[in-house]
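Engineer: No letters, just coordinates:
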């Protein structure tokens, strides 16, 4: 069975969507562990579904690299085929990215390359964009710069609040994540960068 470790930092709504899908025997992937960088409320979803959790807090380490090594060992303990960053709000150091790429993906609430970074929804509204959406991409050493795997567009309603737009994007992300993990598990979506042989 194709195995997935999910990393979160908050409420875990996307995680819950994936756990719900993976609970079906017909779904081709299984969430084997959920990790966080703090005591996130989203970990409760994992516990509800009987999935092991781990927390590795950066403040307990003297460097980002030392933190990343322990985070990586927690991830690798479960031998996942895929690592999903679902609302994980930290940029990972190169030592962990190099080890896991390209089998680590991230959800981002904009149509990359537009509006990378932690304030994508606010930046979208500030720019007066009429269309936004959700992107799933491979994690590389940059901030939201990895290869785009899937994108879904949604219109930005006139006068919509940041909170309401965020909620609209989350609903899109949940379906998008469930589909993307299914497609990666079945080979319909290929992660490897070396697609073109010269």
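Structural biologist: Great, that's in hand. Keep in mind the model is a prediction, meaning the values are calculated, not measured. Numbers count the residues shown, from 1 in each chain.

Engineer: so residue 3 touches residue 22, yeah?
Structural biologist: No: the criterion here is CB atoms under 8 Å, and residue 3 misses it with residue 22 at 10.0 Å. All C-beta atoms are positioned from the backbone trio N, CA, C, and that covers glycine.

Engineer: Please say which of those two ends up with more neighbours.
Structural biologist: The neighbour count for residue 3 versus residue 22, taken as other CB atoms under 10 Å, is higher for residue 22 (24 against 15).

Engineer: for the protein, which helix is longest?
Structural biologist: helix 162-186 (DSSP state H).

Engineer: Check which helices and strands it is in contact with.
Structural biologist: Contact here means 3 or more CB pairs under 8 Å, 6 or more residues apart in numbering; DSSP states H and E; on that basis helix 162-186 packs against strand 2-8, helix 13-22, strand 29-36, strand 82-85, strand 104-108, helix 120-126, strand 131-138, strand 148-155.

Engineer: Average pLDDT for that helix, rounded please.
Structural biologist: Confidence over helix 162-186 (mean pLDDT, whole number) is 97.

Engineer: Check stretch 97-110 too.
Structural biologist: The pLDDT scores in stretch 97-110 average 96.

Engineer: quick revisit: tell me which of the helices and strands packed on helix 162-186 lies nearest to residue 61.
Structural biologist: Closest to residue 61 of the helices and strands packed on helix 162-186 is strand 29-36 (CB to CB; 14.8 Å).

Engineer: chain center to that closest one: distance?
Structural biologist: Centroid separation between strand 29-36 and its chain, computed with CA atoms, centre = their mean, to the nearest Å, is 12 Å.

Engineer: quick one: it to strand 2-8, angle?
Structural biologist: 30 degrees (axes from the mean of the first three to the mean of the last three CA atoms, to 10 degrees).

Engineer: so what does the lowest-mean-pLDDT helix or strand in the chain touch, helix or strand wise?
Structural biologist: Using mean pLDDT, DSSP states H and E, the weakest-scoring helix or strand in the chain turns out to be helix 94-100, at a mean of 93. Contacts defined by 3+ CB pairs under 8 Å, 6+ apart place helix 94-100 against helix 64-77.

Engineer: and the helix it packs on, which residues are buried?
Structural biologist: 64, 67-69, 71-72, 74-75 (16 or more other CB atoms under 10 Å).

Engineer: Tell me which residues touch residue 17, please.
Structural biologist: By CB atoms under 8 Å, 6 or more residues apart in numbering, residue 17 lies in contact with 174-175, 177-178.

Engineer: just curious, which of those residues is nearest to residue 91?
Structural biologist: Nearest to residue 91 among these is residue 177, at 20.1 Å by CB to CB.

Engineer: isn't the closest one right up against residue 18?
Structural biologist: Yes: using CB under 8 Å, residue 177 makes contact with residue 18 at a distance of 5.7 Å.

Engineer: which residues do the two both contact?
Structural biologist: Residues touching both residue 177 and residue 18 (CB under 8 Å, 6+ apart): 84, 86.
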